[in-house]
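Peer 1: Fold the following and give me the result.
(4 chains)
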Protein chains: 2
Amino acid sequence: MLSKKTQYAFKALEYLAIEYGKGPVKIAEISKYQKIPLKFLENILVELKNAGMLESKKGKGGGYVLRVAPRNINLANVIRIINGPIALLPCVSLNFYEKCKDCDETTCGMRKMMIIARDATLRVLEKKTMADMIKGEIDVM
Amino acid sequence: MLSKKTQYAFKALEYLAIEYGKGPVKIAEISKYQKIPLKFLENILVELKNAGMLESKKGKGGGYVLRVAPRNINLANVIRIINGPIALLPCVSLNFYEKCKDCDETTCGMRKMMIIARDATLRVLEKKTMADMIKGEIDVM
DNA sequence: TTAATTCCTACCAATTTAGTAGGATATGCA
DNA sequence: TGCATATCCTACTAAATTGGTAGGAATTAA
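Peer 2: Okay, the predicted model is just below:
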């Protein structure tokens, strides 16, 4: 399951995706409309920024903007930044790989299954973007 | 990611799948060959038993056996018993559903995406079984 | 009756999660 | 220059989860 932090990250990115092209958006505004605790949201946005997903501007008129268009932000990347691995086992993770001891990777049956599961999940999460996520929501907000 | 407990559960079930049809297998034996802490394994096997996946027999000659053939045990069920939800959000879980507040389920874009991801993952995890997992391992052990 | 085995209740330390607090730093504007 | 407005940084906290361990009770075979 995704942590609440990750869910908040998606909610924040949704808002920024909808506001994309309209200039910097303040943390306080995102916090208010997406109902995310302000100080917690600060942490999240800094992480997304450090990962290269957002740009920020301090001072009056400042705030956050997406660094690339919503259609170029896929869901897998967001999850990796805030939540961590997508795979079900460390030894089948593409971005957070860790060898599991007591296990021959060439023969391990569990590993084979989890690779298949991972690929199925990734095919969706790497294809779908923030643009897909906000489809149908643009008018509502 | 799956907890270590869940990984141990799979390892234990692998062993029981390989030994399927040969009578009860002792915890100590599974613990030894799959390198799982004995007392921790006890907990795991009781949980799997209470969920209906195993049968047990106490006393001399006792132990655990799979209640159904390996090909009838799908991976999704094992994960649900020991690890919990497979979906990435509570509000898209089939077996552990929880409503998320501040979210209209009919329009929520995040929810739509996570349902697609869930279905992709489940198509694999519900189709693959313990029999698939031990393929190619039977001779090794 | 005894040895072997599962089963039950309870506990524990370390880590992770979900935040909060308080101030430092940078920016725009008058 | 100085003030208001923002982000940014460091640190702390309580509660939950994870990954076990301890000790003995209950059951069964011989």
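Peer 1: what secondary structure does A:Ser56 sit in?
Peer 2: Secondary structure for A:Ser56, judged by DSSP: H, G, I helix; E, B strand; the rest coil, is strand.
Peer 1: what's the residue closest to the geometric middle of chain A?
Peer 2: Residue closest to the mean C-alpha point of chain A, counted by CA atoms, centre = their mean, is A:Val78 at 1.6 Å.
Peer 1: Quick one: residues contacting that residue.
Peer 2: A:Thr6, A:Ala9, A:Phe10, A:Leu13, A:Leu48, A:Met53, A:Met130 (CB atoms under 8 Å, 6 or more residues apart in numbering or on different chains). Heads up, the C-betas are built off the backbone N, CA and C, glycines and all.
Peer 1: any idea how far chain B is from it?
Peer 2: Distance, A:Val78 to chain B, using CB to the nearest CB, to the nearest Å: 10 Å.
Peer 1: Also A:Asn50?
Peer 2: 23 Å.
Peer 1: Name all residues that make contact with that residue.
Peer 2: Per CB under 8 Å, 6+ apart, neighbours of A:Asn50: none.
Peer 1: Next one, pLDDT for the closest residue to A:Gly136 other than its chain neighbours please.
Peer 2: Nearest residue to A:Gly136, sequence neighbours excluded (CB to CB, 6 or more residues apart in numbering or on different chains): B:Thr107, at 6.4 Å. pLDDT for B:Thr107: 92.
Peer 1: Then A:Met141?
Peer 2: 46.
Peer 1: on that earlier part again, what distance do you get for the residue nearest to the centre of chain A to A:Lys5?
Peer 2: According to CB to CB, to the nearest Å, A:Val78 stands 11 Å off from A:Lys5.
Peer 1: In chain A, where is pLDDT below threshold?
Peer 2: Scanning chain A for pLDDT under 70 picks out A:138-141.
Peer 1: Now for the residue of chain A found nearest DNA strand C, how many residues are close by?
Peer 2: Nearest residue of chain A to DNA strand C: A:Gly59, at 2.6 Å (CB to the nearest atom of the strand). By other CB atoms under 10 Å in any protein chain shown, 6 other residues sit near A:Gly59.
Peer 1: That one belongs to a strand?
Peer 2: No: A:Gly59: not assigned to a strand; according to three-state DSSP it is coil.
Peer 1: ok, and which of the contacts of A:Val78 reach chain B?
Peer 2: For chain B, the contacts drawn from those by CB under 8 Å from any CB of the partner chain are A:Phe10.
Peer 1: Using a markdown table, lay out the contacts of A:Val78 together with distance to B:Asn83.
Peer 2: Formatted as a markdown table, the contacts of A:Val78 follow (distance: CB to CB, whole Å):
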| residue | distance to B:Asn83 |
| --- | --- |
| A:Thr6 | 18 |
| A:Ala9 | 23 |
| A:Phe10 | 22 |
| A:Leu13 | 27 |
| A:Leu48 | 28 |
| A:Met53 | 29 |
| A:Met130 | 29 |
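Peer 1: Next to chain B in this structure, residues from chain A, please.
Peer 2: Residues of chain A lying close to chain B (CB under 8 Å from any CB) are A:1-2, A:7, A:10-11, A:14, A:35, A:75, A:79, A:84-85, A:87-90, A:102, A:107, A:109-110, A:112-113, A:116-117, A:120-121, A:123-125, A:128, A:132-137, A:140.
Peer 1: Show me which of the residues you listed are buried.
Peer 2: A:1-2, A:7, A:10-11, A:14, A:75, A:79, A:85, A:87-89, A:109-110, A:112-113, A:116-117, A:120-121, A:124-125, A:128, A:132-134, A:137 (16 or more other CB atoms under 10 Å in any protein chain shown).
Peer 1: Of these, which belong to helices?
Peer 2: A:7, A:10-11, A:14, A:75, A:79, A:109-110, A:112-113, A:116-117, A:120-121, A:124-125, A:132-134 (DSSP state H).
Peer 1: So what are the structural domains in chain A, by residue number?
Peer 2: Following automatic domain parsing, chain A resolves into domains at A:4-69, A:71-76+A:85-130.
Peer 1: Straight-line length of the shortest one, end to end?
Peer 2: When the termini of domain A:71-76+A:85-130 are compared using CA to CA, to the nearest Å, they are 6 Å apart.
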